[in-house]
Structure formats: C-alpha cells, structure tokens
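Enquirer: Using only what follows, build the 3D model:
(one chain, ligands or ions: 2)
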Amino acid sequence: MRSPLAAVPTWPEEARARYRSLGYWTEETFADFVTERTTRYAERLAVVGEDAHGEQARWTYADLADRAERAAGRLCAVGVAPGDRVVVALPNIVEFVAVVLGAFRMGALPVFALATHREAELGQFCAVSDAAALVGCSGEVDLQDLHTRVADVLAPYGVRPPALIDVASWDEAATADTAIPAVPPAPLGAEDVAFLQLSGGTSGTAKLIPRTAADYLYSVRASADICEVDASTVMLVVLPVSHNFPMSSPGILSVLDRGGRIVLAREASPRTAFALIAAEQVTTVALVPPLAQAWISSARRRRPDLTSLRSVQVGGARLNDVTAQEVRPVLGARLQQVFGMAEGLVSYTRAEDPDDLVHTTQGSPISPDDELRIVDADDEPVAEGEEGSLLTRGPYTIRGYYGPAAISSINATAFTEDGFYRTGDLVRRLPSGHLQVTGRDKDQINRAGEKIATDEIEGHLLTHPDLLDAVAVGLPDPFLGEQVCVVLRTEPGRPAPTDLADHLRSAGLATYKIPDRFVFLDEFPRTHVGKNSRRELRALLATHLHTHPPTT
Ligand code: AMP
Ligand code: DBH
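Expert: Ligands and ions are numbered 1, 2, ... in the order given. Reported below is the predicted structural model:
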C-alpha cells in the first residue's frame with residue numbers, strides 16, 4: 001500500500017457551491033468520461049499514431065475503451081490501487097492515451113512527466129507523489145537502467161521504488177490475457193484530485209498540480225466550445241502530449257469529449273507534420289512559437305498541401321507579431337493565440353476577434369468567473385492598461401500545489417491569502433479585455449515553451465567541485481525565445497571546467513535543460529543589496545551579457 005494522497009489546499013465551500021450552481025462543475029468523473037465517450041462514439045476513429053513498436057495504429061473509440069481497460073488491468077496487476085499515483089513518462093504514442101484513460105478508469109492518478117525526463121526529475125516526481133508505478137517505453141531509453149537510477153534517487157528518502165511498466169513489453173496481439181485482472185469501478189468523486197500535472201520550472205521541491213475532474217473538465221468543455229472542436233475535428237499533436245496545452249487547451253481531451261480524432265506525431269518537424277496533415281486531413285494543431293516559425297519557413301519552401309488545416313494554435317511562450325501575421329497567409333489557417341498554465345487559467349483569442357488583436361494579444365480568459373488582478377510590487381492594482389503582475393483565481397485554477405509538508409511554504413508565497421495564484425507573468429490588459437504578456441517576474445527560463453527553473457540548473461552545477469558560483473539566465477534568442485545561459489565563477493587561477501554538460505547529464509537532468517551557453521566571469525557584477533539577491537544578480541547578468549555578448 002502507498003500512502004494516501006496528502007491533503008491539498010482547495011477551493012472554499014462557498015466557491016465550490018457557486019461553481020456547481022453555475023453549471024461549471026458537474027458530477028462527471030474521469031471514469032464516467034472514459035466510459036460514456038467511448039460508448040457514445042464507439043464506431044468513430046479516436047486515435048491514430050505510432051505504437052510502442054513503431055507500428056501505425058488506428059483505434060476507434062471502442063478499441064480505445066478496450067485498450068484503456070487492459071491498461072487499467074495491467075496497472076492493477078503490478079499492485080497499483082485506486083488513489084495511487086502513477087508517473088507516466090511516455091512519448092507521443094497511442095499507448096499514452098490508453099494508459100491515461102486506463103488510470104482514470106480505475107481511479108489511479110497519473111502524474112504527467114515527459115519521456116525526456118531522467119532520474120533527477122522522475123525521482124522527484126516519484127518521491128513527492130509516493131508513486132506506485134512508473135510507466136515508460138523502452139527503445140530510445142534503457143528503461144530498466146533508468147528505473148534503477150530512479151530507485152537510487154529514492155533510497156536516501158526511504159521511498160519505495162515504483163513498479164516499472166514498460167509499454168513496449170505489452171503484447172496486445174496475444175489473446176491469452178488471462179493474467180490481466182478485472183478492474184473494479186473507480187472510487188473517486190468528481191471533486192477529488194484526479195491527476196497531478198507538472199508545473200514548469202520545477203525547482204528544489206517538485207511542484208505538482210492537483211486537478212479534479214470537476215475543474216478540469218469544465219475547462220475542457222469550455223475550450224472545446226471556444227475552439228469549435230466537434231466530431232469533424234482532426235487534431236494533430238506534435239508537442240509532448242502530456243503537456244497541459246495539448247492535453248486540455250482545447251487538447252486531446254476536448255477532442256475525445258466531442259468525438260473527433262487525435263493524430264499523434266512522434267516528432268514535430270515540418271516534413272513529418274505536413275505529411276500527416278495531408279494524409280489524415282488534419283484540421284487543427286497546437287504549436288509553440290519556435291515551431292510556428294519553423295513551419296512557416298518550411299511551408300514557404302515546400303508548398304505543402306495544408307488545405308484541411310482550419311486553425312493553428314500558438315502558445316506556451318510569447319509569439320512575436322511578425323510570425324503571428326504570417327500564419328494565415330503561409331499556413332492557410334486561422335491563428336489562435338493561447339496563454340495558459342497547468343495551474344489553471346487559460347486565455348484564448350477568439351474566432352470573432354479582429355486580426356490586429358489576434359496578432360498582438362494573448363486573448364481573454366475562458367470563463368466569466370476567472371478573476372484577474374494585475375498588481376504592482378505591493379499587490380496593489382496598477383492603473384488600467386498598465387503592466388503588472390498577474391494574479392488569478394477561478395473555477396479551474398488551483399488553490400495550492402500538491403506535496404508533503406515542504407510544499408506549504410511554497411504555497412504561502414505562490415498564492416495570496418485569499419486564494420489568488422501568482423502566475424509570475426507580467427501582463428497588460430487592453431480596453432477590449434485582451435491580455436498581452438509583457439514579461440515575467442519568476443525565476444524561470446522559457447526555452448521554446450519548456451519552462452526551466454533557474455535554481456534547478458544552478459543547484460546541479462554547484463555540485464561540480466571546480467565551481468564557486470553559478471547563475472542561470474535566460475538570454476533572448478530569435479528562435480527559442482530564450483536560450484539557457486549559465487554564468488559561472490571558478491576558484492581564481494583554476495581553469496574553466498569543460499565537462500559541465502556531461503556533469504549535468506550524469507546528474508540525471510533532462511537534455512532540454514542543458515545550457516546552450518556557458519560563460520565564465522572572474523567576478524559577478526555587484527548587486528545593490530549587500531546580501532546576494534540571486535534575482536537581482538540574474539537581472540544584472542542578463543543586462544551585462546546583453547551589452548557584452550559572450551564570444552564563446
Ligand atoms: P506552466 O506553469 O509550466 O504551465 O507554464 C505556464 C507559463 O507559460 C505561463 O505562466 C507563462 O509564463 C508561459 N506562457 C504560456 N503561454 C504563453 C503565451 N502565449 N505567451 C507568453 N507566455 C506564455
Ligand atoms: O505553457 C503552458 O503551460 C500552457 C500554454 C497554453 C498551458 O498550460 C495551456 C495552454 O493550458
């Protein structure tokens with residue numbers, strides 16, 4: 001038996017009652033959702049993509065129900081019980097959908113990791129969530145070895161290693177699946193925590209985001225309406241499918257809600273994506289800004305057949321106005337900007353918005369009951385139209401991160417006393433109500449839409465014996481948005497170490513976090529405060545590197 005879910009800061013009863021009475025929160029659980037939709041749309045095609053063996057799969061909703069049922073049985077077979085956490089670290093393969101719906105079906109809670117995460121990240125997620133199982137796919141990664149490394153990370157904390165499930169070992173063709181137990185109904189209610197999503201830029205303690213069926217399915221249904229998802233929707237997924245954006249904004253869940261079709265791509269290159277769009281008559285796709293740029297420049301050269309494409313969503317990082325204007329003429333589809341966060345709030349430009357707002361803003365929130373405050377450093381509202389820090393609360397925005405006791409101090413600063421989430425984003429609100437994301441006041445780097453906590457990289461670097469200090473800064477990059485730059489100081493007279501990327505890799509850090517640049521300075525610019533404020537130092541270093549670009 002694993003420990004029960006720790007207590008989670010949640011919406012006060014008054015807010016819950018209001019969200020229910022407004023019809024936002026319903027009694028539908030994810031288990032209900034799986035059963036009802038796969039029955040309702042049984043004959044329709046649900047998921048197209050590669051399976052764990054690299055074979056093409058095409059599953060109807062009935063097939064999906066069957067695969068989910070088997071996945072649930074396989075979870076039970078390794079000892080996963082309802083309420084247990086299951087860390088899912090799969091690439092964009094059809095088994096991802098089966099495992100997640102299977103977990104929902106039996107009431108286990110997926111923890112949405114990435115296939116690119118390694119033991120440093122997976123170990124944290126397992127430790128914080130006390131995960132009963134880790135689901136991966138061997139092939140690109142030696143899963144047994146990774147599992148051993150995760151167990152090594154967990155041992156000092158006295159956390160039992162999770163059971164390992166390798167979806168590549170599943171033999172779905174075998175008829176003798178008698179070893180798979182029958183699955184009892186899931187015991188979760190709609191307002192119980194149903195899964196844990198990751199917060200970008202997870203630092204010292206992994207911040208896991210507890211979402212319920214009531215709050216999440218509200219955002220999914222409302223997103224489906226706003227984004228006009230219906231049975232004719234064919235959604236291509238090129239971003240890592242476990243990210244909140246392709247999951248829910250409107251994402252694969254709204255496609256399943258409406259009986260549309262999901263097309264999973266294992267990689268996001270224009271060549272692969274364009275072929276899939278033509279072959280599967282894809283109608284919509286979600287991209288991060290660097291991918292939008294890459295697609296546009298490739299489409300100009302190749303002139304692919306993208307006639308089926310109706311809308312292209314871009315989000316995860318700020319899209320520049322020039323790229324925004326090129327989407328329709330070059331890709332032949334409507335642009336929709338999406339500004340969202342796994343903690344909740346999602347903002348969309350709407351089909352009826354005038355072009356200039358679609359090109360220059362990140363839209364307006366999903367819900368009339370999303371409460372937004374744009375404040376200064378003292379939490380006082382700024383004048384209308386001015387830039388300020390965005391705080392938000394509402395029917396699908398969490399009131400606290402999940403975790404053992406250590407998380408409560410994080411929650412005390414990440415949320416206001418009256419339950420507003422401090423997004424860490426600087427925004428301005430136009431008279432039309434549209435938001436523009438103008439910057440950030442959190443210690444995070446947004447590299448091509450992947451969020452990276454500066455202190456995570458710094459912490460791992462500082463374990464290197466030759467380094468005295470390390471500060472990670474995001475430097476503007478025309479393609480990535482930001483690149484990861486670390487500024488380092490060694491003992492005077494000591495040579496600069498050359499093995500830092502290897503050092504980080506062997507610490508078990510995902511490759512996307514490995515810095516793009518290592519810059520050595522004899523001295524760091526001084527901050528005004530006597531004590532080192534890392535935030536101030538980071539700002540100074542970013543300015544310094546701007547005016548003295550590194551030559552390396
Ligand atoms: P996470 O908390 O990891 O889900 O990441 C959400 C963060 O991504 C937001 O708080 C923003 O900082 C950033 N983000 C998402 N979409 C956009 C966008 N369209 N423009 C600018 N930043 C964005
Ligand atoms: O970046 C994100 O996390 C994000 C972007 C767009 C998100 O969580 C979302 C939409 O729901």
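Enquirer: Residue ranges in the stretch 201-350 of the chain under the pLDDT threshold?
Expert: Along the stretch 201-350 of the chain, the parts satisfying pLDDT under 70 run over 201-205.
Enquirer: can you list the residues of it near ligand 2?
Expert: Where the stretch 201-350 of the chain comes near ligand 2, counting by Cβ under 6 Å from any ligand atom, the residues are Asn244, Phe245, Ser248, Ser249, Gly315, Gly316, Val338, Gly340, Met341, Ala342, Val346. From N, CA and C alone the C-beta is placed, and that goes for glycine too.
Enquirer: Would you check how far apart the residue nearest the centre of the chain and Glu280 are?
Expert: In the chain, the residue lying closest to the centroid (Cα atoms, centre = their mean) is His243, at 3.0 Å. Here the criterion is Cβ to Cβ, to the nearest Å. By it, His243 lies 21 Å from Glu280.
Enquirer: show me what contacts the residue nearest to the centre of the chain?
Expert: Counting by Cβ atoms under 8 Å, 6 or more residues apart in numbering, His243 makes contact with Phe112, Leu114, Gly316, Ala342.
Enquirer: ok, which pair from the residues you listed is furthest apart?
Expert: Comparing all pairs in those by Cβ to Cβ, the longest separation belongs to Phe112 and Gly316, at 15.0 Å.
Enquirer: When these two are compared, which one has more neighbours?
Expert: Between Phe112 and Gly316, Gly316 has the larger neighbour count (other Cβ atoms under 10 Å), namely 29 against 25.
Enquirer: From what I see, that one and Arg447 are in contact.
Expert: No: if you go by Cβ atoms under 8 Å, Gly316 and Arg447 don't touch, sitting 10.5 Å apart.
Enquirer: Apart from its chain neighbours, what residue comes closest to Leu146?
Expert: Counting by Cβ to Cβ, 6 or more residues apart in numbering, Glu119 is the residue found nearest to Leu146 once chain neighbours are left out, at 6.4 Å.
Enquirer: And the helices in the stretch 451-552 of the chain?
Expert: 454-461, 500-506, 534-547 (DSSP state H, counting those that start in this stretch).
Enquirer: Go through these and name the closest to Ala299.
Expert: Where those are weighed against each other on Cβ to Cβ, the nearest is helix 534-547, at 32.5 Å.
Enquirer: circling back to that earlier point, ligand 2 is nearest to which of the helices of the stretch 451-552 of the chain?
Expert: Among the helices of the stretch 451-552 of the chain, helix 454-461 comes nearest to ligand 2, with 16.9 Å by Cβ to the nearest ligand atom.
Enquirer: Next, count neighbours for Gly79.
Expert: By other Cβ under 10 Å, the residues close to Gly79 number 13.
Enquirer: Can you tell me how far the nearest residue to it once chain neighbours are set aside is from Ala265?
Expert: With Cβ to Cβ, 6+ apart as the criterion, Gly79 has its nearest non-adjacent residue at 6.0 Å, and that residue is Ala163. If you measure Ala163 against Ala265 using Cβ to Cβ, the figure is 29 Å.
Enquirer: Would you mind naming what in the stretch 351-500 of the chain lies close to ligand 1?
Expert: Applying the criterion Cβ under 6 Å from any ligand atom, the portion of the stretch 351-500 of the chain that neighbours ligand 1 consists of Gln362, Thr423, Gly424, Asp425, Val437, Arg440, Asn446, Lys451.
Enquirer: which SS state does Val312 fall under?
Expert: Of the three states, Val312 takes strand according to DSSP: H, G, I helix; E, B strand; the rest coil.
Enquirer: Pro181 now?
Expert: Classification of Pro181 by three-state DSSP places it in coil.
Enquirer: now swap in Thr438 and tell me
Expert: In the three-state summary, Thr438 is assigned as strand, counting by three-state DSSP.
Enquirer: circling back: narrow the contacts of His243 to those in strands?
Expert: Restricting those to those inside strands, with DSSP state E as the criterion, leaves Phe112.
Enquirer: Which one of the contacts of His243 is nearest to Asp353?
Expert: Within the set of the contacts of His243, Gly316 lies nearest Asp353; the separation is 19.6 Å, counting by Cβ to Cβ.
Enquirer: What residues does the nearest residue to the closest one once chain neighbours are set aside make contact with?
Expert: In space, and not counting its chain neighbours, Gly316 is closest to Gly449: 3.2 Å by Cβ to Cβ, 6+ apart. With contact set as Cβ under 8 Å, 6+ apart, Gly449 has these partners: Leu239, Phe245, Val288, Pro289, Pro290, Gly315, Gly316, Ala317, Gly481.
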